[in-house]
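# pasting the structure only:
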């Protein structure tokens, strides 16, 4: 493994900004771990021959665990990196004479190929469950959970397609949209559906921050400190005095969700995360000079979409297999105490193993048919070729 890590490190173009890859990897893994820690599929007791499952969250019965969501709700960092990478990629494509349709097709193909596999599998699973007499409510819960990552994919694809129009857009404009939508919803009693305008506007804020990063406007540490301090102060004020939930993820049964759709508190929290990410860039770049650390980050980035789209399926597959052994703590029981938290932590390695199985089965949807070489060799091939490889896929989303 040490030799493979050395080969990956040696084959990486010298000008590559490894901190960008590290931020993307941490953002993806943060979302995965966050979902695994706060999503419970609870089996209802009853006489029905098939177990009935519904979603629950430990944040509902233990709201003091809300800081967990502050650590693992990292989508803003992913949109920050996405905006930065897409802006650079589009500028590079223009310089090389590549047309916009060709550029966009290349950017989106790696997003939608693995998504098609998820849709196909779960359409088959849902049909099979219903034909075998499964409770429709349970099937609806499972399908909704499995396909929930696709909302991110659609928003990210839309922002990617609009990149040429967003390269000079100030983040203050989408932030103003979110502010006014929340004022109308929570202050003037406007209908709840108006909040869905925040779905594109809310994630446009970190995406345009990424474009500003590409333009060099956020290179100074002062900019990172300003984003971190301003975003954190605004979020604290909104939670303390404006009645926004402290949790930065949705909680089943809660009157208001900060994430579904995004609220002003979620957006300001994301701004603070973006500031912290920018401040950590230099330190991450130093860590990424160590071959083992860089090899791990490179492997995560190569399968970012596969990991993201299949992690909920891994959770549900483990839960379904566990029903054969009865109601297992931390897997089927209600998340209502620290005992559940301890049990859920013990299940994380099992979820990871299930996700590894999904990765082995479906990684070809993201990268094409598997060849004779092993996975690490593929990383070396992707990074081989110096600046020419870097131009072809600068940071590879």
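Yes, it's here. Predicted model only: the values in this text are computed from it and were never measured.
# going by neighbour count, list what's buried in stretch 233-242.
For stretch 233-242, a neighbour-count test (16 or more other CB atoms under 10 Å) marks 234, 235, 238, 239 as buried. (Each C-beta comes from the backbone N, C-alpha and C, glycine too.)
# would the third one count as being in a helix?
Yes - in this structure, residue 238 lies within a helix as judged by DSSP: H, G, I helix; E, B strand; the rest coil.
# run a quick neighbour tally on residue 128.
Residues lying near residue 128 (other CB atoms under 10 Å) number 11.
# would you confirm that it belongs to a helix?
Yes - using three-state DSSP, the secondary structure at residue 128 is a helix.
# related to what we said a few turns ago, in TSV, list the buried residues of stretch 233-242 along with distance to residue 218 and pLDDT.
As requested, those are exported to TSV (distance: CB to CB, whole Å; pLDDT from 0 to 100):
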residue	distance to residue 218	pLDDT
234	18	97
235	19	97
238	23	96
239	26	95
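# nearest to residue 217 among those residues?
Closest approach to residue 217 among these (CB to CB): residue 234, at 20.0 Å.
# surely that closest one is in contact with residue 268?
Yes - assessed by CB atoms under 8 Å, residue 234 is found in contact with residue 268 at 4.0 Å.
# hang on, the earlier thing: with respect to residue 117, which of the buried residues of stretch 233-242 is nearest?
Checking the buried residues of stretch 233-242 against residue 117 by CB to CB gives residue 235 as the nearest, at 36.7 Å.
# helices and strands of this protein: which one has the lowest mean pLDDT?
In the chain, the helix or strand scored least confidently by mean pLDDT, DSSP states H and E is helix 386-392, which has a mean of 41.
# sketch out the low-pLDDT regions of the stretch 251-397 of the chain for me.
Low-confidence segments of the stretch 251-397 of the chain (pLDDT under 70): 368-397.
# tell me where it has helices.
Using DSSP state H, counting those that start in this stretch, the helices of the stretch 251-397 of the chain run over 264-279, 281-287, 291-302, 304-322, 338-362, 364-367, 375-383, 386-392.
# which of these is buried the deepest?
helix 264-279 (a mean of 25; mean count of other CB atoms under 10 Å).
# what's that helix packed up against?
Helix 264-279 sits against helix 75-95, helix 172-182, helix 198-214, helix 221-241, with contacts defined as 3 or more CB pairs under 8 Å, 6 or more residues apart in numbering; DSSP states H and E.
# next, format the ones you listed as TSV and append distance to residue 114.
Shown next, in TSV, are those (distance: least, CB to CB, whole Å):
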stretch	distance to residue 114
helix 75-95	16
helix 172-182	28
helix 198-214	20
helix 221-241	32
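# out of the ones you listed, which is closest to residue 103?
Going by CB to CB, the one of these nearest residue 103 is helix 75-95, 4.2 Å.
# pull out the buried positions in the closest one.
By neighbour count on 16+ other CB under 10 Å, the buried set for helix 75-95 is 75-93.
# picking that back up, can you redo the helices of the stretch 251-397 of the chain as CSV with distance to residue 23?
Shown next, in CSV, are the helices of the stretch 251-397 of the chain (distance: least, CB to CB, whole Å):
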stretch, distance to residue 23
helix 264-279, 5
helix 281-287, 7
helix 291-302, 9
helix 304-322, 12
helix 338-362, 21
helix 364-367, 20
helix 375-383, 18
helix 386-392, 17
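# residue 124: which of those is closest?
For residue 124, the closest of the helices of the stretch 251-397 of the chain is helix 304-322, at 12.5 Å, according to CB to CB.
# distance from the closest one to the middle of the chain?
Taking CA atoms, centre = their mean, to the nearest Å, one finds helix 304-322 lying 14 Å from the centre of the chain it belongs to.
# could you check the angle it makes with helix 75-95?
For helix 304-322 against helix 75-95, the angle by axes from the mean of the first three to the mean of the last three CA atoms, to 10 degrees is 140 degrees.
# helix 304-322 vs helix 338-362, what angle?
Using the same axes, to 10 degrees: helix 304-322 against helix 338-362 is 120 degrees.
# helix, strand, or coil at residue 55?
Secondary structure state of residue 55, per three-state DSSP, is strand.
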